[in-house]
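Q: this one's sequence-less:
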């Protein structure tokens with residue numbers, strides 16, 4: 001056997017062995033996404049205290065770990081304060097994707113995970129009932145529950161006889177003390193026709209007002 005052939009044979013063995021060792025070397029396992037808290041599914045409404053992980057595939061700098069504040073909001077990269085209390089993870093994911101694609105990105109692949117849910121006993125807040133209500137004044141609410149206009153009003157005696165159930169107003173101030181927002185709920189649709197999808201969440205600090213009907217038949 002010639003010396004040149006011997007060198008070629010040994011080089012082939014070395015290269016082949018290196019490739020085999022590289023293929024045999026175990027690869028590090030991919031880090032799995034954080035598991036959702038026990039008993040929590042994508043259909044469960046978010047509430048104050050929930051810890052979320054937000055990311056956008058097309059913009060890695062937009063990733064953030066967030067906590068739902070007492071007002072039911074999170075402070076999102078690019079989008080700012082965003083109301084999430086009473087909504088599911090899937091709903092918030094869809095909303096934020098649409099907002100990002102409308103103003104910032106051609107395509108936004110949003111991933112939102114609920115990574116921690118605190119003890120139910122930690123959060124309480126207040127709302128203010130006014131106008132044509134059976135009970136008016138300050139009402140304490142459990143912020144860990146999915147509070148809505150209809151539930152809160154019914155839990156506090158309901159509407160007075162002359163209330164305009166079709167135009168219940170929510171007066172809400174931004175968490176940073178800025179702009180005041182006025183929302184309207186048709187409670188007649190909710191209570192008489194069973195349209196619970198028309199009900200709206202109430203947040204800590206909201207004013208809920210029932211005006212009188214212009215004409216009482």
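A: Thanks, I have it. All values derive from a computational prediction rather than experimental measurement.

Q: Adjacent strands (with direction) for the one helix or strand residue 165 maps to?
A: Taking DSSP states H and E as the criterion, residue 165 maps to strand 163-173. According to DSSP bridges, strand 163-173 has the following sheet partners: strand 180-185 (antiparallel), strand 207-212 (antiparallel).

Q: Tell me which residues of the first one come out buried.
A: Think strand 180-185. By neighbour count with 16 or more other C-beta atoms under 10 Å, strand 180-185 contains the buried residues residue 185. Just so you know, the C-beta spots here come from the backbone N, C-alpha and C atoms, and that holds for glycine as well.

Q: Format the strands paired with strand 163-173 as a markdown table; extra columns: distance to residue 53 and mean pLDDT.
A: Shown next, in a markdown table, are the strands paired with strand 163-173 (distance: least, C-beta to C-beta, whole Å; pLDDT from 0 to 100):
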| stretch | distance to residue 53 | mean pLDDT |
| --- | --- | --- |
| strand 180-185 | 27 | 90 |
| strand 207-212 | 32 | 95 |
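
Q: State the mean pLDDT of the strand holding residue 165.
A: Average pLDDT, strand 163-173: 92.

Q: Check stretch 142-154 too.
A: Average pLDDT, stretch 142-154: 86.

Q: Can you list the buried residues in that stretch?
A: 143-144, 146-153.

Q: Identify all contacting residues around that stretch.
A: Defining contact as C-beta atoms under 8 Å, 6 or more residues apart in numbering, one finds that stretch 142-154 is touched by 45, 47-49, 70, 72, 85-86, 120-125, 127, 129, 133, 139, 141, 159, 168, 170, 185, 187, 190-191, 196, 199-204, 208, 210.
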